[in-house]
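K.L.:
make a model of this:
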Amino acid sequence: MPKRKQLVSQTPIQNGGVVGVREFAPPYRVNGTPSENKLRFIDLFCGIGGFRMAFEGAGAQCVFSSDWDKFSRQTYAANFGETPHGDIHSVAVADIPKFDILCGGFPCQPFSLAGVSKKNSLGRKHGFEDVKQGNLFFSIAGILDHHNPPAFVLENVKHLVRHDHGRTFKIIHDTLTEALGYQVYWKIINADSVVPQRRQRIFLVGFKPGRAFEFPDFSTEGPKLASILDPDVADKYTLTDHLWKYLQNYAKKHQAAGNGFGFGLVTGSDVARTLSARYHKDGSEILISQGPLKNPRRLTPRECAKLMGYPDDFKIIVSDTQAYRQFGNSVVVPVIERIAKAVVTTLQRPIGYRPDLVLSANDKLNEEAAKGVAVAVSYRKTPIKKRKPTGKAL
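P.N.:
The predicted model follows:
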């Protein structure tokens, strides 16, 4: 197997630039034979296939997938009929088949508020200094540098923008734009308009050569938890008296100390907190009320699947513990579906396509810009006479 192309793991690529010729490598004997009539994508850090489900729904074809977790690969295989490759570091960059779109929800724990807090408490490194997961962005950068695809879609926690006082995001942004030559759009999107869950994630979409791109709208009011709750749930999902007492005392202790830690007790008329990969431990972030005479319960794995936007026929073949981890680490499928359609539509337009646009920006993101963080931009159609955009993407 050819030696994998190496990148410096803590600094932007120094001489990436714009690669003049796309390098086409011989395909792995996996994921079938690519169709010349479809856009091709690769599914990195694929988890259980949320990106794949969305981009296949948009008419694209997956030609390569990879994830280090063996249980996620089992679930992926059960639902898509093929097993992803393992750790991306074990795959030579040149051996990845040619593709048009790179998709990747690279590990968020090194950058999330909860992940950083936990690592700090244990005296462990976080961000790019996390040896196991923090430098995986540079694996993505190496693949983009070698294959030079026309587009990518990346996903991570919203705290990525502020991690290390914005320096982490600046390295990522500078690598994608200045070193690799992509026009990058980014936006923080809350999934609560498509699923009954408050889940904010940052999405970075890049094009080379640059293209006009508009993030889909997610401003409408979304569904409530009643839409995903099952009427009959096994008793094993009800909290024991011991665990329920512990969670209540834990919440009281932190409330007295002025901390925000505690459980999230909800009903069918509510919207849930963010489902996390630690949900299997005690379910504290989303507890379903069963009335005053009965302890609350956890969501079932099937309810978690629906909370993340997976269809009813999605196969869950692993233990409850692994299923909770998988859905807690997943992307929200309906969010990716809308972004996938927008990306595919953009790539199918002529490169010079310019719609009748007006530059707009979210107020919160303007606040970020005032703090020295690059501001996300999006475009909206306007009924007035044609005019050029008043700004440009980052």
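
K.L.:
for the record, mean pLDDT for stretch 164-176?
P.N.:
Averaged over stretch 164-176, pLDDT sits at 91.

K.L.:
could you give me the buried positions within it?
P.N.:
Residues of stretch 164-176 classed as buried: 164, 166, 168-173, 175-176 (neighbour count, 16 or more other CB atoms under 10 Å). All C-beta atoms are positioned from the backbone trio N, CA, C, and that covers glycine.

K.L.:
what does stretch 306-319 give?
P.N.:
Applying 16+ other CB under 10 Å to stretch 306-319 flags 306-310, 314, 316, 318 as buried.

K.L.:
same question, stretch 294-308
P.N.:
Using 16+ other CB under 10 Å as the test for burial, stretch 294-308 gives 295-308.

K.L.:
what about it, start to end distance?
P.N.:
27 Å (CA to CA, to the nearest Å).

K.L.:
now do that stretch: distance to the chain's middle.
P.N.:
Computed by CA atoms, centre = their mean, to the nearest Å, the chain-centroid distance of stretch 294-308 equals 21 Å.

K.L.:
where in the protein is pLDDT low?
P.N.:
1-36, 108-134, 260-261, 357-394 (pLDDT under 70).

K.L.:
that one: helices as residue ranges?
P.N.:
All helices of the chain, identified by DSSP state H, fall at 50-57, 70-80, 113-121, 136-147, 167-174, 241-256, 279-282, 301-307, 320-329, 333-348, 363-370.

K.L.:
partners of the spatially most central residue of the chain in the sheet?
P.N.:
Among the residues of the chain, the one closest to the centroid is residue 155, at 3.4 Å (CA atoms, centre = their mean). Assessed by DSSP bridges, residue 155 has beta-bridge partners residue 203.

K.L.:
got the contact list for stretch 148-156?
P.N.:
18-19, 21-23, 51, 99-106, 108, 111, 140, 144, 176, 182, 201-209, 331, 336, 339-340, 343, 346-347 (CB atoms under 8 Å, 6 or more residues apart in numbering).

K.L.:
just the CA coordinates for that stretch, please, in CSV.
P.N.:
Taking Å, rounded to 0.1, in the frame of the first residue of the first chain, the C-alpha atoms of stretch 148-156 are listed here in CSV:
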residue,chain,number,x,y,z
ASN,A,148,-8.8,18.4,-4.9
PRO,A,149,-12.6,17.7,-5.0
PRO,A,150,-14.9,20.5,-6.0
ALA,A,151,-16.8,20.5,-2.6
PHE,A,152,-16.8,19.4,1.0
VAL,A,153,-19.3,19.5,3.9
LEU,A,154,-17.9,19.3,7.5
GLU,A,155,-19.8,19.2,10.8
ASN,A,156,-18.8,19.8,14.4
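
K.L.:
that one: how far from the chain's middle?
P.N.:
Remark: stretch 148-156 is offset 12 Å from the chain centroid, using CA atoms, centre = their mean.
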